[in-house]
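# Fold the stuff below for me.
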Amino acid sequence: MSTATPWPAERVPVDVAVGVLIERDAAGREGRFLLTSRPAGKVYAGYWEFPGGKLEAGETVEQALRRELHEELGITIGAAHPWQVEIVDYEHARVRLHFCKVYEWQGGFEMREGQQMAWQTLPVDVTPVLPGTLPVLRWFAQERGHEGPTVEAKAL
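Residues are numbered from 1 along each chain as shown. Here you go, the predicted model:
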């Protein structure tokens, strides 16, 4: 009788809504964007990312994003503009990240999970950056004509 190990089952991605909050100048040009740190007790604690979270059963990406940003940051967002979708394999999970640009929100930012926030431009100066955030920084660089690194190299 064979005891060969079968191939591992394909990991089904978990859908995650991600908010790319962007400030606009008076002419409507995109400016700084918001990154938040992952709170203590979560996988990749201390890494910087765009805020958001998992879709619950029956939720659309926009509904999940509204709920998550209110729960995490205490804000109410305006329209969520679907932008990019990226699948990222982490050791703990495979995630399908639904990135939405958000230009309007109401309320003061409250870091309800003990996380930090930082408004950034390219290259970002907060580290470490979560791997799933790196594609967004590359997309920003392409859209904005940014040449050079998207994350600053920190001096030791």
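
# Would you point out which residue is most central in the protein?
In the chain, the centroid-proximal residue (Cα atoms, centre = their mean) is Phe50; its distance is 2.7 Å.

# check contacts around that residue.
Val18, Gly19, Val20, Leu21, Phe33, Leu34, Leu35, Thr36, Phe99, Thr133, Val136 (Cβ atoms under 8 Å, 6 or more residues apart in numbering). C-betas here are computed from N, CA, C, even on glycine.

# Longest helix in the chain, by number of residues?
helix 61-73 (DSSP state H).

# Please report how far Arg11 lies from Pro131.
For Arg11, the distance to Pro131 equals 16 Å [Cβ to Cβ, to the nearest Å].

# Comparing these two, which shows the higher neighbour count?
Using other Cβ atoms under 10 Å, the more surrounded residue of Arg11 and Pro131 is Pro131, with 13 against 10.

# Quick check on that one: phi, psi?
Note on Pro131: its backbone torsions stand at phi -50, psi -40 [degrees, to the nearest 10].

# Make residue 1 into 72 and carry on from there
Got it, the first residue is 72 from now on, which makes the last one we talked about Pro202.

# Quick check: buried residues in stretch 91-105?
The neighbour-count check on stretch 91-105 (16 or more other Cβ atoms under 10 Å) flags Val91, Leu92, Ile93, Phe104, Leu105 as buried.

# ditto for stretch 211-227
Phe211, Ala212, Thr221, Val222.

# Work out the gap between it and the centre of the chain.
Relative to its chain's centre, stretch 211-227 lies at 17 Å (Cα atoms, centre = their mean, to the nearest Å).

# Repeat that for stretch 149-164.
7 Å.

# Not counting it itself, show me its contacts.
By Cβ under 8 Å, 6+ apart, stretch 149-164 touches 82, 84-85, 88, 90-91, 114-115, 132-133, 136-137, 165-177, 202-203, 206-207, 210.
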